[in-house]
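Engineer: need coordinates for the below:
(chains A and B)
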Protein chains: 2
Amino acid sequence: MLQKAQANGAELRPHFKTHQSVDVGKWFKSEGITKATVSSVDMALYFANAGWEDITIAFPYNPLEAEAVEQLAKKIKLNMTIVSKAALNHLNQHVRAPLNYFIKVDVGTHRTGVLPGLKDEIQDMGQPLNPEHQLVGLLAHAGHTYQPMTEASAMAVFQQSMKDFKAVSEALGRDDLIISYGDTPSCSILETLPGVHEWRPGNFVFYDIMQEYFNSCSLDQVAVCMACPVVAKHADRNEVVVYGGGVHFSKDFIAPNGQKQFGKVVKLTEQGWESNPIALVDRLSQEHGILKVSDELLNSIEIGDLVGILPVHSCMTADLQGYYVSLAGHKLNKFDKADV
Amino acid sequence: MLQKAQANGAELRPHFKTHQSVDVGKWFKSEGITKATVSSVDMALYFANAGWEDITIAFPYNPLEAEAVEQLAKKIKLNMTIVSKAALNHLNQHVRAPLNYFIKVDVGTHRTGVLPGLKDEIQDMGQPLNPEHQLVGLLAHAGHTYQPMTEASAMAVFQQSMKDFKAVSEALGRDDLIISYGDTPSCSILETLPGVHEWRPGNFVFYDIMQEYFNSCSLDQVAVCMACPVVAKHADRNEVVVYGGGVHFSKDFIAPNGQKQFGKVVKLTEQGWESNPIALVDRLSQEHGILKVSDELLNSIEIGDLVGILPVHSCMTADLQGYYVSLAGHKLNKFDKADV
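Structural biologist: Model (predicted):
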């Protein structure tokens, strides 16, 4: 991903909300990456404490966190995300520290961000009341790529996004703004993102079966797997129950052809796992995962065995874990929002 | 719930997987309750360390946790859940400490448990190889009540469950077994559960909008609410964005009339909240919650305001939190599996 961004003349500012790990962060640092994206003030603090000095919080500024933002802005080079004039005004008035901000543009996902047609609002968002606060760029997350994509459909989303960035830049009368883009499907499927200065994907660090379903990756690129113990076998319905439920995986699912999948089951090996799925996770309750299995797998599997499960949504699954273990056997630290 | 169980001549052994809190556990203790149910060995250890001395782990025995189970069984009166002869054999051979066990019966949910027709398997499950291990009862979770229920439909599930318990008791040749039952819908909707010795509901401690949808409770009985800050307003589509997403609520939803709901929005007050919903949570991403709101609410709400959200599934939402704050302002401790 770094090579691809650099070949495009862009910087990679990876989103760390997927791994949430200072140890994984070190892998990025060893590649020369010094800028990161996070999804909360607490997560920014966690990485700032580990030495990250240039962080974008890609979540709308929350007035109730003004004090924590001010503390953070005094410590590192902080980039905030602004979605309205009201939010900017609050930030300007209540955070007394130098910081940069990005205007979040709604490029069609309609989650949040300013609509490109709201010229008056946009112009106001370019005029901070606080001289310590600088508008440095426009940021978008094209979340509507979160469905099965082709190169053509990803390109269509990208081209519309660039039109939207252009409209906002013109409303602001600025041609010097950093254009920050980068959901994982767009950055994975497209070879070039002309006009983008900063790539901001996150999920690609692990990928998952949802991204495979979207055509962002192949299954052998999925880099995270949960080892789950088998606790029951039910021959009458070709099902195996594992210790691994909604509190471990989250309840995200994909539904190709209308059939829900909560994970793909793989065979664990000495070196890791074989990426070819041997079964599917059919449903989850709080602690139980129910696998649909072949006769052959049912007969070969025993209670107490471990199976690997590739998660549907690695961001959500990783969020629920206390730490990772690398294939080399190292324990990797993870942010825990419950500790905050 | 305690009064209802007692009026039935039964004991209440509440499931603590919903609240996962030693402080909430004290409320039960103050009512004279000394027996608890949990969903994992780690959670059992957390409550054992807080003085709970009689705990049922209502999740199938996991051979990979034999050592932790042995340590726990040496410390407290531990009840294990057995779903197969293979699991019982492993327990008998690898856990060298006195303990009791329940046979989990599949009363129709088809998640796990032994099918009542498997007489040979059941008879083997009644013959522990270890004289320190005693079969004391039959346990079931009628999870197929997790849909909109009436008193008649809950009674039909209960009556079939009692037939299943009877078949298993007869296969074992035992008439002295504790019959342990109790999903929250059954225990809420039915007034009597004749023949049940132990009620084991958990969710009722908080309830949630899923239980309201199932007819287990009314909305004014929902006892947990998340305060979420408003971070954006989108007048073009009557939407409000709050800080509160899948990592806070989980991704469980209900879909009355096919329309997904990820929570109900309520007005916070000095004393708590008004239970009458003012809006719905339409969708969630990792950190964002998107509310569909009326013109009136859109106009009256401001960025930085707090709204209350009643969760779809309080067990899953509570699992994601670090602690609770009571309406009296007390911080209530919570188990965190990530700490283990």
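
Engineer: strands of the stretch 101-250 of chain A, start to end?
Structural biologist: Applying DSSP state E, counting those that start in this stretch to the stretch 101-250 of chain A gives strands spanning A:133-139, A:178-181, A:198-199, A:226-234, A:239-243.

Engineer: what pairs with the longest one, and is each one parallel or antiparallel?
Structural biologist: It stands for strand A:226-234. Using DSSP bridges, strand A:226-234 pairs in its sheet with strand A:239-243 (antiparallel), strand A:306-311 (antiparallel).

Engineer: any chance of TSV for these, columns mean pLDDT?
Structural biologist: Converted to TSV, the strands paired with strand A:226-234 look like this (pLDDT from 0 to 100):
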stretch	mean pLDDT
strand A:239-243	98
strand A:306-311	98
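
Engineer: what residues does the stretch 151-300 of chain A put near chain B?
Structural biologist: Residues of the stretch 151-300 of chain A found near chain B (Cβ under 8 Å from any Cβ of the partner chain) are A:229, A:231-234, A:236-237, A:239, A:241, A:243, A:246-247, A:250-252, A:285-288, A:290. Every C-beta, even on glycine, is put in place using the N, C-alpha and C of the backbone.

Engineer: what residue in the stretch 51-200 of chain A comes nearest to chain B?
Structural biologist: Relative to chain B, the nearest point of the stretch 51-200 of chain A is A:Pro63 (3.4 Å; Cβ to the nearest Cβ).

Engineer: count the neighbours of that residue for me.
Structural biologist: Number of residues near A:Pro63 (other Cβ atoms under 10 Å in any protein chain shown) recorded here: 22.

Engineer: check what pLDDT it gets.
Structural biologist: Reported pLDDT at A:Pro63 in the predicted model: 98.

Engineer: list the contacts of the residue nearest to it when sequence neighbours are not counted.
Structural biologist: Leaving aside its sequence neighbours, A:Pro63 sits nearest to B:Gly304 (Cβ to Cβ, 6 or more residues apart in numbering or on different chains; 3.4 Å). Taking Cβ atoms under 8 Å, 6 or more residues apart in numbering or on different chains, we find B:Gly304 in contact with A:Asn62, A:Pro63, A:Leu64, A:His90, B:Pro229, B:Val230.

Engineer: mind putting those in TSV, distance to B:Phe102 included?
Structural biologist: Shown next, in TSV, are the contacts of B:Gly304 (distance: Cβ to Cβ, whole Å):
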residue	distance to B:Phe102
A:Asn62	47
A:Pro63	51
A:Leu64	47
A:His90	56
B:Pro229	44
B:Val230	47
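
Engineer: and the pLDDT at the residue in the stretch 101-250 of chain A that chain B sits nearest to?
Structural biologist: Nearest residue of the stretch 101-250 of chain A to chain B (Cβ to the nearest Cβ) works out as A:Val231 at 4.0 Å. Per-residue pLDDT puts A:Val231 at 98.

Engineer: A:Asp339 too?
Structural biologist: 76.

Engineer: ok, for it, nearest residue in space, not its chain neighbours?
Structural biologist: B:Gly322 (6.6 Å).

Engineer: can you map out the helices along the stretch 51-200 of chain A?
Structural biologist: Taking DSSP state H, counting those that start in this stretch, the helices of the stretch 51-200 of chain A run over residues A:66-75, A:85-94, A:119-125, A:151-172, A:184-189.

Engineer: would you mind finding the most buried of those?
Structural biologist: Neighbour counts (mean count of other Cβ atoms under 10 Å in any protein chain shown) averaged over each of the helices of the stretch 51-200 of chain A peak at helix A:184-189, with a mean of 25.

Engineer: can you put the helices of the stretch 51-200 of chain A in TSV and add distance to A:Asn276?
Structural biologist: Below are the helices of the stretch 51-200 of chain A laid out as TSV (distance: least, Cβ to Cβ, whole Å):
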stretch	distance to A:Asn276
helix A:66-75	45
helix A:85-94	48
helix A:119-125	49
helix A:151-172	25
helix A:184-189	21
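
Engineer: do I have it right that A:Lys75 meets A:Phe47?
Structural biologist: No. A:Lys75 lies out of contact with A:Phe47 (Cβ atoms under 8 Å); the separation is 11.3 Å.

Engineer: now the helices for the stretch 201-340 of chain A?
Structural biologist: In the stretch 201-340 of chain A, the helices defined using DSSP H, counting those that start in this stretch lie at A:209-213, A:246-249, A:295-300, A:314-319.

Engineer: could you dump these to a markdown table with distance to A:Gln160 and mean neighbour count?
Structural biologist: Formatted as a markdown table, the helices of the stretch 201-340 of chain A follow (distance: least, Cβ to Cβ, whole Å; neighbours: other Cβ atoms under 10 Å in any protein chain shown):
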| stretch | distance to A:Gln160 | mean neighbour count |
| --- | --- | --- |
| helix A:209-213 | 22 | 23 |
| helix A:246-249 | 33 | 23 |
| helix A:295-300 | 45 | 13 |
| helix A:314-319 | 25 | 25 |
